[in-house]
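Novice: Could you look at this predicted model? Sequence included:
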Amino acid sequence: MAGVGLGPLRAMGRQALVLLALCATGARGLYFHIGETEKRCFIEEIPDETMVIGNYRTQMWDKQKEVFLPSTPGLGMHVEVKDPDGKVVLSRQYGSEGRFTFTSHTPGDHQICLHSNSTRMALFAGGKLRVHLDIQVGEHANNYPEIAAKDKLTELQLRARQLLDQVEQIQKEQDYQRYREERFRLTSESTNQRVLWWSIAQTVILILTGIWQMRHLKSFFEAKKLV
Amino acid sequence: MPRLGYAQLFALLLLVPGPGGASEITFELPDNAKQCFYEDIAQGTKCTLEFQVITGGHYDVDCRLEDPDGKVLYKEMKKQYDSFTFTASKNGTYKFCFSNEFSTFTHKTVYFDFQVGEDPPLFPSENRVSALTQMESACVSIHEALKSVIDYQTHFRLREAQGRSRAEDLNTRVAYWSVGEALILLVVSIGQVFLLKSFFSDKRTTTTRVGS
């Protein structure tokens, strides 16, 4: 063993570092920690016919080395997406690294829930999992280099396409805004109505109970020969 | 695999954080809970953290932003909305946490937008040698303007969601209050009458005894 020398080991170390660096570029961005049975939900309030793309990458905590492993095969995440009416739009199991897509058909709050289904975690990981998450909505979800290659667009045409997509998103958001404002107005008008009817009803009940009290007591005192 | 020196490896690691981007997330924060998010940021990157509480209780949350050494860069208690810009002074993992630990039973919905550096360019292999043509620079300025329009729309949507949440709370509260108060009124007025009657019935027996 001694005859082999440190050369190959050093080379392996370098390769591992490069691999680590390359892995880190894979899904850079925001990450958070999640427990074993914990379910994390995110809300996306979006207009209808909007595409949402989510990318995630998980890393398991290695208790012995006190570090997060770069990638863990066999670790799965369950992704569940519910639309504003509570109906499940997407409910799928993905691997340790995944990408989920859905398109909204009703405007409103969509709920994206992630939870791990792995039972190995408690044994090896000390119950900690690092999840890198990136959710892109609407125009941000478009992959422009891919579109340019597919439709063979020049640079200027691609820029124009991006502007068109942005304007379309703004338009959809404005339509959604109109729908939300209507809901808000209905709620406010309902409150207004309720307050109006309540004050009238309250006054009527007060007067009626006052009259009843007087008559009842009067007949009571007359019966007792006190009046 | 070509043999890389350690200098090249270090250079590669520095390239890791890359062009940056934005993360916009809305999540639910249960009562007495704290949720933290982390991001690896390269030195010199200008970052902005913006958050807003959409629904729940008094619409406030505690927020805390720490640099890789644990030094607190931003700490605010019970804030409804805030925006904080900073430039990363060192490489490493920056952590920001939202806490609802002061609340006993209301859970909050919090929105945050964490912008790191500039948005990635449209053309990944963009290393411009020639200047942009007039058309292209017009496109770039329109793109920036539309980005701010979308940003304002998001703010407006959040404010409207907050207002709507308050209005719906008010609506249900008015409904319960009106029914509850009507019931209490009836119970109290009937109870008063019977209580009064009970006073007089005791008095009558004592007066008759005295009389005879």
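Specialist: Sure, I can see it. Since the structure is predicted, the reported quantities are computational estimates derived from the model, not experimental observations. Residues are numbered from 1 along each chain as shown, chains lettered A, B, ... in the order given.
Novice: CA only for contacts and neighbour counts going forward, please
Specialist: OK.
Novice: Pretty sure residue A:77 sits against residue A:100.
Specialist: No. If you go by Cα atoms under 8 Å, residue A:77 and residue A:100 don't touch, sitting 11.2 Å apart.
Novice: The two: who's more crowded?
Specialist: residue A:77 (22 against 18; other Cα atoms under 10 Å in any protein chain shown).
Novice: now the spatially closest residue to that one that is not a sequence neighbour: how far from residue A:134?
Specialist: Nearest residue to residue A:77, sequence neighbours excluded (Cα to Cα, 6 or more residues apart in numbering or on different chains): residue A:116, at 4.4 Å. Distance, residue A:116 to residue A:134, using Cα to Cα, to the nearest Å: 17 Å.
Novice: How is the chain divided into domains?
Specialist: If you meant another chain, say so; for now it's chain A. If you go by the TED database, the domain ranges for chain A are A:29-142, A:152-218.
Novice: wait, I meant chain B there
Specialist: Split by the TED database, chain B gives B:20-118, B:140-197.
Novice: So which of those domains is nearest residue A:149?
Specialist: domain B:140-197 (20.6 Å; Cα to Cα).
Novice: how far is the closest one from where the chain is centred?
Specialist: 19 Å (Cα atoms, centre = their mean, to the nearest Å).
Novice: again, but for stretch B:134-150
Specialist: Put simply, stretch B:134-150 sits 29 Å off its chain's centre (Cα atoms, centre = their mean).
Novice: mean confidence for it?
Specialist: Averaged across stretch B:134-150, the pLDDT comes to 91.
Novice: Tell me which residues of that stretch come out buried.
Specialist: B:136, B:139-140, B:143, B:146-147, B:150 (16 or more other Cα atoms under 10 Å in any protein chain shown).
Novice: same deal with stretch A:159-176?
Specialist: Result for stretch A:159-176 [16+ other Cα under 10 Å]: buried residues A:159-163, A:165-167, A:169-170, A:172-173, A:176.
Novice: Lowest-scoring secondary structure element of chain A by mean pLDDT?
Specialist: Least confident element among the helices and strands of chain A, by mean pLDDT, DSSP states H and E: helix A:7-26 (a mean of 48).
Novice: Leaving out sequence neighbours, find the closest residue to residue A:58.
Specialist: residue A:131 (4.5 Å).
Novice: Tell me where the model's unsure across chain B.
Specialist: Applying pLDDT under 70 to chain B flags residues B:1-19, B:123-129, B:202-212.
Novice: The helix ranked longest in it and chain A in contact?
Specialist: If you go by DSSP state H, chain B has its longest helix at helix B:134-211. Yes. Applying Cα under 8 Å from any Cα of the partner chain, one finds helix B:134-211 touching chain A at B:135-136, B:139-140, B:142-143, B:146-147, B:149-150, B:153, B:157, B:164, B:167-168, B:170-171, B:174-175, B:178, B:182, B:185-186, B:189-190, B:193, B:197.
Novice: ok, back up a step: which helices and strands does the helix or strand just after the least confident helix or strand of chain A pack with?
Specialist: Where DSSP states H and E defines the elements, the next helix or strand beyond helix A:7-26 is strand A:31-34. If contacts are counted by 3 or more Cα pairs under 8 Å, 6 or more residues apart in numbering or on different chains; DSSP states H and E, strand A:31-34 sits against strand A:129-137, strand B:34-41.
Novice: could you dump those strands to a markdown table with mean neighbour count?
Specialist: A markdown table is the format used below for those (neighbours: other Cα atoms under 10 Å in any protein chain shown):
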| stretch | mean neighbour count |
| --- | --- |
| strand A:129-137 | 20 |
| strand B:34-41 | 19 |
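Novice: For the helix or strand hosting residue A:61, the averaged confidence score.
Specialist: Assessed by DSSP H and E, residue A:61 sits inside strand A:51-62. Averaging pLDDT along strand A:51-62 gives 85.
Novice: by how many degrees do it and strand A:129-137 diverge?
Specialist: 170 degrees (axes from the mean of the first three to the mean of the last three Cα atoms, to 10 degrees).
Novice: Direction included, what does the next helix or strand after strand A:51-62 pair against?
Specialist: Toward the C-terminus, strand A:51-62 is succeeded by strand A:67-68 as the next helix or strand (DSSP H and E). Under the criterion DSSP bridges, strand A:67-68 sits next to strand A:51-62 (antiparallel) in its sheet.
Novice: quick revisit: which of the domains of chain A is buried the deepest?
Specialist: Compared across the domains of chain A, domain A:29-142 shows the largest average neighbour count, a mean of 18 (mean count of other Cα atoms under 10 Å in any protein chain shown).
Novice: gap between it and the chain center?
Specialist: How far domain A:29-142 lies from its chain's middle: 9 Å, per Cα atoms, centre = their mean.
Novice: End to end on it, go ahead and measure it.
Specialist: 18 Å.
Novice: before we move on, back to that, turn the helices and strands packed on strand A:31-34 into TSV, columns for distance to residue B:105.
Specialist: Below are the helices and strands packed on strand A:31-34 laid out as TSV (distance: least, Cα to Cα, whole Å):
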stretch	distance to residue B:105
strand A:129-137	28
strand B:34-41	14
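Novice: re the thing from before, bridged to the residue nearest to residue A:58, which residues?
Specialist: With DSSP bridges as the rule, residue A:131 is bridged to residue A:32, residue A:58.
Novice: from memory it sits against residue A:31, does it?
Specialist: Yes. Counting by Cα under 8 Å, residue A:131 touches residue A:31, with 5.4 Å between them.
Novice: show me the residues around residue A:159 that make contact.
Specialist: B:136, B:139-140 (Cα atoms under 8 Å, 6 or more residues apart in numbering or on different chains).
Novice: If we only consider the residues you listed, which is nearest to residue A:37?
Specialist: residue B:140 (45.9 Å).
Novice: ok, and the closest non-adjacent residue to the closest one?
Specialist: Residue B:140's closest residue in space is residue A:159 (Cα to Cα, 6+ apart), at 8.0 Å.
Novice: Going along the chain, name the helices of chain A.
Specialist: With DSSP H as the criterion, chain A has helices spanning A:7-26, A:120-124, A:144-151, A:155-223.
Novice: Where among the ones you listed is average confidence lowest?
Specialist: Minimum mean pLDDT among the helices of chain A: helix A:7-26, a mean of 48.
Novice: about what we covered before: I'd like the buried residues of stretch B:134-150 laid out as TSV, including distance to residue A:182.
Specialist: As requested, the buried residues of stretch B:134-150 are exported to TSV (distance: Cα to Cα, whole Å):
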residue	distance to residue A:182
B:136	40
B:139	35
B:140	35
B:143	30
B:146	25
B:147	26
B:150	21
